[in-house]
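Undergrad: mind looking at a prediction? Sequence and model below.
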Amino acid sequence: MILVSACLAGHNVRYDGSHQLDDSIRKLTEEGKAVTVCPELAGGFSTPREPAEILGGSGEDVLDGKAKVIEKSGRDVTELYIKGAEHTLEKAQRLQATTVVLKENSPSCGSSLIYNGEFSGQKIAGNGVTTALLKRNGIQVISETQFAERVSSYHFE
């Protein structure tokens, strides 16, 4: 079983109320081979919501108390992001997920790139909060781009 970002399956859960549909991921969910999750909604956010970025580091730094997740208006929403990450970890463990496919660039889900915390559109290398927590617990996390590149080598049960 794999766990996937709900926005990649076509659910309108992104901060701006949109989705990032990936047809192959949607198909897997329809076939019952993948289950969706949105860490932000699990953390207590609604849709739409204000954009947020990690200030002062990466998801690992947030988990270690060295960085914060801040909305564009300046509100600290770190605890909601951590709550969503914990919910996602519990779900992945309960499902015995072998792979988790999360939306790149997100302060929750980024698995190689996140925004730099300045709301300037610039990206830096790093993991989002949910990805960092999943990886700390030995769960493989890949982006939708990595998934598309590897999809032919995956065998879904």
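TA: Arrived safely, thanks for sending.
Undergrad: distance of the residue nearest to residue 1 when sequence neighbours are not counted relative to residue 56?
TA: Of all residues beyond its chain neighbours, the one nearest residue 1 is residue 95 (5.0 Å), with distances taken as C-beta to C-beta, 6 or more residues apart in numbering. The C-beta positions use only the backbone N, C-alpha and C, and glycine is treated the same way. For residue 95, the distance to residue 56 equals 32 Å [C-beta to C-beta, to the nearest Å].
Undergrad: those two: which has the busier surroundings?
TA: residue 95 (15 against 12; other C-beta atoms under 10 Å).
Undergrad: do you know how far the more buried one is from residue 57?
TA: Relative to residue 57, and taking C-beta to C-beta, residue 95 is found at 29 Å.
Undergrad: same check on residue 29?
TA: 32 Å.
Undergrad: where does the chain have its least confident helix or strand?
TA: Lowest on mean pLDDT, DSSP states H and E among the helices and strands of the chain sits helix 144-150, with a mean of 90.
Undergrad: what about that helix, distance to the chain center?
TA: Centre-to-centre, helix 144-150 and its host chain are 15 Å apart (C-alpha atoms, centre = their mean, to the nearest Å).
Undergrad: format the CA atom coordinates belonging to that helix as PDB.
TA: Extracted C-alpha coordinates of helix 144-150, given in PDB (Å, rounded to 0.1, in the frame of the first residue of the first chain):
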ATOM      1  CA  GLU A 144       5.300  13.200  -7.500                       C
ATOM      2  CA  THR A 145       8.200  13.800 -10.000                       C
ATOM      3  CA  GLN A 146      10.200  10.900  -8.500                       C
ATOM      4  CA  PHE A 147       7.100   8.800  -8.600                       C
ATOM      5  CA  ALA A 148       6.500   9.500 -12.300                       C
ATOM      6  CA  GLU A 149      10.100   8.600 -13.000                       C
ATOM      7  CA  ARG A 150       9.900   5.300 -11.100                       C
END
